[in-house]
Structures are given as structure tokens and as C-alpha cells.
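1. A structural model of the following input is requested.
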Amino acid sequence: MPIPTEPIGSIPRPQELIEAGQDLGSGRITPETYAKLVDRAVRETIAEFEATGSPVITDGEQGKPSFATYPIDGLKNLAPDGVIIPFADAHSRQLPRLTEGPFRYRTYGDSYLEAALRYAHVPVKQAVISASALSLLYPPDGIEGYPREAFLADLVREAAADIRRCLDKGAHNVQIDFTEARLSVKLDPTKKLLHSFIDLNNQVLDQFSPEDRRRIGVHTCPGGDKDSTHSADVDYAELLPSLFNLNVGAFYIQLASENDRRRVLGVIREHAKPEQRIFIGVIDPINPKVETPDVVRDRVLEAAEYINPSRLGTCDDCGFSPFGDDTSTGRETAFDKIRARVVGTDLAAKELGMLSG
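-> Residues are numbered from 1 along each chain as shown. Predicted structure coming up:
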């Protein structure tokens with residue numbers, strides 16, 4: 001049995017598509033013209049993805065404005081002055097603010113998946129945003145006539161529908177992006193915020209059978225945008241024990257860029273449940289240096305000292321361009337790194353006796 005290896009999600013968009021997104025926002029091109037450019041970018045991205053040998057791919061999130069805001073892009077009941085997420089290099093991202101109810105998704109992840117499946121020849125995974133991230137849209141002072149309890153009920157229903165539609169459409173698996181988990185510990189060291197996030201996401205997961213949940217995973221990282229992070233200074237030991245209470249079958253854990261990987265692996269060994277598969281990050285997307293297959297192999301072998309290889313998988317630490325306007329990493333670099341992940345994972349599997357040859 002090989003060691004499974006999967007991407008996290010995004011691939012840098014072609015410059016033409018980034019500029020077209022700006023033109024769309026200003027009304028210089030029509031939605032139909034933009035949709036054709038997205039379709040071409042998806043087709044080209046999938047072809048390049050498959051050329052890396054990756055056994056599981058994504059559409060590169062070419063059509064998403066960002067990994068976090070795709071469900072709400074274009075909604076009319078939003079204001080731009082929502083929660084601000086600061087990054088270590090002093091740049092920030094700002095979420096919108098919900099102005100009135102009811103809360104509904106405008107776009108579901110299966111629309112991206114359907115487009116990808118037209119071109120893919122290997123299994124396609126689909127990333128979706130967590131309910132906890134979208135819970136940040138609700139303003140602290142509330143919305144008249146639309147209490148927070150009503151919003152959360154709507155949110156849980158919509159987030160569950162997002163996952164269900166992707167599973168039903170034929171996704172290999174569905175990955176919940178939970179990058180705000182580590183950030184929540186930074187914002188609230190008591191971890192009450194983290195626990196509320198986990199409880200909310202488990203309400204979504206409760207809508208699925210145990211068999212379904214084996215096809216659902218969660219991704220955690222300290223954020224990755226414009227070669228910076230928002231919470232890498234938070235000790236993983238403050239997050240991971242709680243994270244493993246999420247009712248999913250797989251965990252995609254950023255690890256390549258950690259200063260002390262062995263310490264983190266020890267925390268994983270102590271707290272992960274026996275039935276949970278652990279995908280460890282072996283590629284650092286915000287480091288411009290391309291890892292060699294031998295470096296990846298050694299990272300996998302290191303992880304295998306702590307995690308039974310039968311439960312082990314590999315991934316990239318984060319997506320390569322979670323926000324549509326991020327040009328800090330080139331497409332060629334991203335695919336070179338993915339190729340190294342694939343080859344290096346196979347090298348490790350051979351050394352562990354999991355592959356012949």
C-alpha cells in the first residue's frame with residue numbers, strides 16, 4: 001500500500017486571470033468573459049497537476065475569490081467592515097460583515113468540483129470553508145430581527161449542505177479549511193473561542209454518517225498569505241489536543257515549516273485517535289526554495305517514527321495561493337514542489353516496505 005498524498009487546495013492563478021478578476025470587479029469585462037477565462041485556467045491547472053503524478057488533485061481554486069469567501073461572494077447583505085485578520089508582516093485581510101438575515105450561501109463548493117470533473121482523469125478533492133470561519137461574519141452587536149442563534153442555525157445547515165453536495169457530486173473527499181483554529185488560540189488563550197469553534201463544526205459534522213465522515217477531513221495551519229502567517233507563534237500543543245475532537249476521518253496538519261517538528265509529532269502521537277488518518281505537511285508553500293524528493297522522504301520517515309505508517313499521509317502545509325490576488329509564489333514553483341512531494345512520499349513508502357521496487 002502506498003502512503004496517500006494530497007494537495008491542500010489552491011494553485012497560483014495565471015496573471016491573466018488575476019487581472020480579469022480585477023476587470024470583472026470594475027465592470028470592464030462581463031461575467032461570461034470571466035467564466036471562460038476561469039474555465040481555461042481550470043483546464044490548464046488540472047493538466048499540469050496531473051503531470052506531477054499527484055494521485056489526488058484539486059482544481060487549484062482558480063475560480064474562487066478566496067478559500068474563505070467563495071460561498072458569500074456577491075451577496076447583497078454584506079458590508080466590507082468585518083473582522084480584520086493581521087499577518088506577521090503587517091499586511092491584513094478583512095472579512096465582510098453580515099448586515100441582515102437570513103444567511104444563505106450564494107455559491108457551493110460542488111460548482112467548482114463539477115467544473116473540475118469535466119477535465120480530471122484522477123480523483124478530485126474539494127476544499128470547503130469551515131462554519132466557524134463564517135461565524136465571524138456575524139457582528140458582535142447583533143442584527144435586529146435576526147438573533148445569533150438563528151444565524152448559527154442557518155450557518156450549520158448551509159455548511160452541511162456545502163459538504164453534502166460535494167460528496168454527492170463525486171468528490172474523492174472533502175477538506176474543511178480550519179485555519180482560524182490556531183489563530184483563535186492567539187486571540188483567546190483561554191481557548192473558549194477554540195472550543196466554541198470545534199463545537200460549531202461538530203454540529204455540522206453531526207449531519208453525516210460515520211461512513212461519510214471517513215471522506216471528510218480538516219486542515220489546520222497558521223495561515224499562509226503573501227509569504228506570511230497569522231499565528232505561527234502559537235504553540236501547536238495548545239491547539240492539537242482539542243483539534244482531534246473534531247469528528248472527521250483525516251487531519252491535514254502543517255508541519256514542514258515548524259521549527260520543532262519532532263515535538264509536534266509527539267503531541268500528535270499522544271492525542272490523535274487510532275481511527276484518524278494524519279496527513280503531515282512535507283512542503284512549505286511560502287518558502288521559495290523547492291524541496292528535493294530526498295528532503296520529503298526524510299520528513300516522512302521522521303513522522304513514521306511517531307505515527308504508524310498505515311495511518312500516515314502527506315500533504316502541503318497550506319494552499320499555494322489561498323487568496324485570489326496572491327502572486328507571491330509562481331505556478332511553476334508550486335508544481336515543482338508538488339512533484340517533489342509525490343516522489344518523496346513514494347521514496348519513503350519504499351523504505352518503509354510499503355511499496356516494491
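2. residues contacting the residue sitting nearest the centre point of the chain?
-> Taking Cα atoms, centre = their mean as the criterion, Asp177 is the residue nearest the geometric centre of the chain, at 3.9 Å. Residues near Asp177 by Cβ atoms under 8 Å, 6 or more residues apart in numbering: 9, 67-68, 127-130, 133, 219. Yep, even glycine has a C-beta here, placed from its N, CA and C like the rest.
3. let's have those in CSV, adding pLDDT.
-> What follows is these, written out as CSV (pLDDT from 0 to 100):
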residue, pLDDT
Gly9, 92
Phe67, 92
Ala68, 91
Ala127, 97
Val128, 98
Ile129, 98
Ser130, 98
Ala133, 97
His219, 98
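4. return the per-residue confidence for the closest residue to Arg277 other than its chain neighbours.
-> The spatial neighbour of Arg277 that comes closest, neighbours along the chain excluded (Cβ to Cβ, 6 or more residues apart in numbering), is Ala250 at 4.5 Å. pLDDT recorded at Ala250 is 98.
5. what's the burial count for Ala250?
-> Ala250 has 24 neighbouring residues, counting by other Cβ atoms under 10 Å.
6. and it, what are its bridge partners?
-> Legend: beta-bridge partners of Ala250 under DSSP bridges are Gly217, Arg277.
7. Ile280 is in contact with that one, correct?
-> No. Using Cβ atoms under 8 Å, Ala250 is not in contact with Ile280; the gap is 11.4 Å.
8. where does the stretch 51-200 of the chain have low pLDDT?
-> Residue ranges of the stretch 51-200 of the chain with pLDDT under 70: none are present.
9. strands along that one, start to end?
-> Applying DSSP state E, counting those that start in this stretch to the stretch 51-200 of the chain gives strands spanning 78-79, 84-86, 92-94, 97-98, 126-129, 174-177.
10. any chance of TSV for those, columns distance to Glu19?
-> Output for the strands of the stretch 51-200 of the chain, formatted as TSV (distance: least, Cβ to Cβ, whole Å):
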stretch	distance to Glu19
strand 78-79	24
strand 84-86	25
strand 92-94	20
strand 97-98	28
strand 126-129	24
strand 174-177	26
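11. quick revisit: need the overlap of contacts for Ala250 and Ile280.
-> With Cβ under 8 Å, 6+ apart, Ala250 and Ile280 have common neighbours Gly313.
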